[in-house]
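A.B. asks: 3D model of this:
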Amino acid sequence: MKFEGRPRIVMRNTVAVMNTKGGVGKSTLVLAVAETLSTYHGKNVLVVDSDSQASVSSMLMTIPNLHRLQQNGLTMVDFLVARVLQDAPADWLRFVVRNVSDVDDAQSVFLIPSDMQLTLFEREVSKVSQHARLRAVIGELLREARNVFDIILIDCPPGLSVLTESWLREADFHISPTKADYISVCGLEVFRRFKALNPEMGFAENLGVLVNMKDLGSPTEEDYHAWLLSNPENRCFDQVIPRAIALQEAARFHTPDRSYFAKYPGETGKAVRHLCEEILTRMGLASAATSIPAAPPPLPQAPETPDDTTARVSTEQPAT
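C.D. replies: Residues are numbered from 1 along each chain as shown. This next block holds a predicted model:
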């Protein structure tokens, strides 16, 4: 089924979120930003889970629903296998899940879920030297998604795989979350050196380094934060996301739905909202905050799953 949406000017609205170091709170950050952009700014947000651990997928829907999608071949890896390894037609819209998120007002968050088979897929791509084909497919997906969604957030795995490189070279921007500690900062340096390789191949623009999970009472972390700020190439975000139990709890999907303020209370929610305003400003998409979510884009209709209505997914098999 082809998308027939409202005509719009194509903007630079795709953002890859990554750090070569794991454990920096990347997936939880993608979750919070997506739900805030939907609830407060009325944005239709597509979350692309490109991490084989499927962390953000499990945060946006129940585990039974995620397993059902994986078993039915309706994940990112199934789309990529068809398009890259099998050179078969596959409409990426059929892999988009609607009605995700447990925030009652975040009605315009969508997801392309992941699966642990993504690691095996990358091995096959390398084995048969299909790197160029992979990048072409990723580029085509993002070009089409720009016309459907207001913002696309790509949750990349830690490390520098062939798939992550494709996202980084085809996306408009990248955000690098980091903890204010030695190992995480070293991860940023590895990323910086990688970005400098083969500049003629193109690369996403640095939207900024975000200090995440910061212990506001730690002098050591304050020193590392100051060191990051001292390098203008980092383009550090003004807003810092503090270490908070509320964000750890936000990672667990709740039923029934909860309010935005129940999920992101007090200073935690305030920090996330300020960060989203800064992200939109840097992307050139700044708009007045609103409590009214956007009308979802007219994606293909998707019937409810039989056992769980939290996420409504297509029951069709992927095109081959």
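A.B. asks: From I154, how far out is N44?
C.D. replies: Counting by CB to CB, to the nearest Å, the gap from N44 to I154 is 16 Å. From N, CA and C alone the C-beta is placed, and that goes for glycine too.
A.B. asks: ugh, typo on my part, it should be H41
C.D. replies: 19 Å.
A.B. asks: Give the other helices and strands that the longest helix anywhere in the chain contacts.
C.D. replies: As assigned by DSSP state H, the longest helix anywhere in the chain is helix 266-283. When contacts are defined as 3 or more CB pairs under 8 Å, 6 or more residues apart in numbering; DSSP states H and E, helix 266-283 packs onto helix 26-41, strand 173-178, strand 205-211, helix 245-250, helix 260-263.
A.B. asks: okay, S176: pLDDT?
C.D. replies: Listed pLDDT for S176 reads 93.
A.B. asks: Quick one: neighbours of it, just the number.
C.D. replies: Counted with other CB atoms under 10 Å, residues neighbouring S176 total 26.
A.B. asks: what bridges to it?
C.D. replies: Per DSSP bridges, the residues bridged to S176 are V209.
A.B. asks: Check the contact between it and F191; I expect there is one.
C.D. replies: Yes - the criterion here is CB atoms under 8 Å, and S176 meets it with F191 at 6.4 Å.
A.B. asks: Now list whatever residues contact both of those two.
C.D. replies: Listed as contacting both S176 and F191 by CB atoms under 8 Å, 6 or more residues apart in numbering are 18-19.
A.B. asks: returning to what we had before: what residues sit buried inside the longest helix of the chain?
C.D. replies: Across helix 266-283, burial judged by 16 or more other CB atoms under 10 Å covers 268-269, 271-280, 282-283.
A.B. asks: go on, stretch 223-241?
C.D. replies: For stretch 223-241, the neighbour count (16+ other CB under 10 Å) marks 224-225, 228, 234, 236-237, 239-241 as buried.
A.B. asks: And it, how far out from the chain middle?
C.D. replies: When distances are taken as CA atoms, centre = their mean, to the nearest Å, stretch 223-241 is centred 22 Å away from the chain's centroid.
A.B. asks: for that stretch, what is the average pLDDT?
C.D. replies: In this model, stretch 223-241 carries a mean pLDDT of 94.
A.B. asks: What is the end-to-end distance of that stretch?
C.D. replies: 16 Å (CA to CA, to the nearest Å).
A.B. asks: Please apply the same query to stretch 204-220.
C.D. replies: First-to-last distance for stretch 204-220 - CA to CA - comes to 31 Å.
A.B. asks: Can you show me the strands along this protein?
C.D. replies: Ranges of strands in the chain, per DSSP state E, are 14-17, 45-49, 109-112, 151-155, 173-178, 205-211.
A.B. asks: Nice, that's everything, thank you.
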